[in-house]
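**Student:** next one to model:
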Amino acid sequence: MRFIPYGHHTIGRDDIRAVVDVLNSDWITQGSKIGEFEDAVCKYTGAKYAVAVNSGTAALHAASFAAGIKCKDEVITSPVTFLATANCIVYQKAKPVFADINANSLNINPEEIERKITRRTKAIIAVHFAGFPCNMDKILSIAKKNRLIVIEDASHALGAQYKGRKIGSIGNMTTFSFHPLKSITTGEGGMILTNNKKLYTRLLCFRNHGIVKNKKKLRKIGPWYYEMQNLGYNYRITDFQCALGINQLAKLDKFIRRREEIAIRYNELFKDIDNFIEFPQEVPNYIKHAWHLYIIQLRLDRLKISRKKFFNILRNKNIGVQVHYIPIHLQPFYKRNFGYKKGDFPQAERFYERAITLPIFPALANKDIDRIAKTVKSLVKNR
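**Tutor:** Here you go, the predicted model:
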């Protein structure tokens, strides 16, 4: 049987033509397509400013820098996310402080955020896990009361909406990833959105080695003149990547509609085994889910099969399941350097111990969805 990956990019001939057109042009790195892509994402999300970079990790790092996060600061975030979310805090020599998740949404719990705030807290990084938006009203209220910056890690959530607003236009900054397994891809790539011009200026500088070009000095000294005002990085994206991004963005709503159809089909197929697995909750009417991931949780107390065996059987049947994610506080680096340990975040750990990510991507065929569901149900029924 053909192997079904848990995620896969969707690249058409038109996408390939867009990239080839740039490769045949005079500019393949820092040309006009970068600005076009940034403008297109701003128009789509409603944000004022966008800065495209070469990865989602670079986007998080740039946002942390622009937020002014520094040594001895603390930043609160979720333990259930990819490592980059916490690593960007450490890059700035600050301390990542984890707050446990809500068992229903799998997002950071605002009540836990409030318990973690100290005089050193500088920011909150809210992760829209699997494409389901966080409770932004409560998070923004907490941030306002405590004068904190809100960065949204929306690597899973391009195209999602919260109370009629697209993700990307709500917090102080929002970061996206355009990795091949995300909703749209530029190969590798990322972006930071903001409505704040000062933050935008800092992000532009950080992306390009900390270099700025002052118009007055250019006129006075010469057109070659530039200054490095701060330590920055080469986080620039290329023109041909952005050409792909522009083309992909035009298909985003179609991609998300298909992801939603897949999630609904899974939910229907799993209704008769809901005593043995948990599947994604019904989405409130004020939320539009981006459905980056579809995750089931095994009710292990009702099954005679372990998560490991369940996972391995699916893999052996050419179903490319995955687990998202090992909670960051359980990683050796974070245990060693910040003193975290097993038991610190019970909801995150309970979720991790029971979670399996099933395949979901726009090109996934209904017959493959049915095959996956049938296999899952057979494992449950033979419990």
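**Student:** so where is this protein shaky, pLDDT-wise?
**Tutor:** 383 (pLDDT under 70).
**Student:** in it, which residue is closest to the centre?
**Tutor:** With distances taken as Cα atoms, centre = their mean, the residue of the chain nearest its centroid is Ser155 (1.8 Å).
**Student:** got a list of what Met136 touches?
**Tutor:** By Cβ atoms under 8 Å, 6 or more residues apart in numbering, the residues touching Met136 are 126, 152, 162-163, 170-171. Quick note: C-beta positions are derived from backbone N, CA and C, even for glycine.
**Student:** PyMOL command for the buried members of those residues?
**Tutor:** PyMOL command restricting the contacts of Met136 to the buried ones, with burial defined by 16 or more other Cβ atoms under 10 Å:
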select buried, resi 126+152+162+170+171
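**Student:** go through the contacts of Met136 and say which is closest to Leu23.
**Tutor:** Glu152 (33.4 Å; Cβ to Cβ).
**Student:** so is that closest one in a helix, a strand, or just coil?
**Tutor:** Three-state call for Glu152 (DSSP: H, G, I helix; E, B strand; the rest coil): strand.
**Student:** OK, contacts around the residue nearest to the centre of the chain?
**Tutor:** Ser155 touches 56, 82, 127, 175-177, 179, 182, 190, counting by Cβ under 8 Å, 6+ apart.
**Student:** what pairs with the strand ranked longest in the chain, parallel or antiparallel?
**Tutor:** Looking across the chain with DSSP state E, the single longest strand is strand 121-127. According to DSSP bridges, strand 121-127 forms sheet pairs with strand 74-77 (parallel), strand 149-153 (parallel).
**Student:** nearest to Arg350, of these?
**Tutor:** For Arg350, the closest of those is strand 74-77, at 18.8 Å, according to Cβ to Cβ.
**Student:** so Lys93 makes contact with Phe65?
**Tutor:** No - counting by Cβ atoms under 8 Å, Lys93 stays clear of Phe65, with 11.3 Å between them.
**Student:** so which of these two has more stuff around it?
**Tutor:** Phe65 (23 against 11; other Cβ atoms under 10 Å).
**Student:** wasn't the more buried one part of a helix?
**Tutor:** Yes - assessed with three-state DSSP, Phe65 lies in a helix.
**Student:** that one and Leu204 touch, don't they?
**Tutor:** No - if you go by Cβ under 8 Å, Phe65 and Leu204 don't touch, sitting 11.6 Å apart.
**Student:** which SS state does Met191 fall under?
**Tutor:** strand.
**Student:** do the same with Phe255
**Tutor:** Assignment for Phe255 (three-state DSSP): helix.
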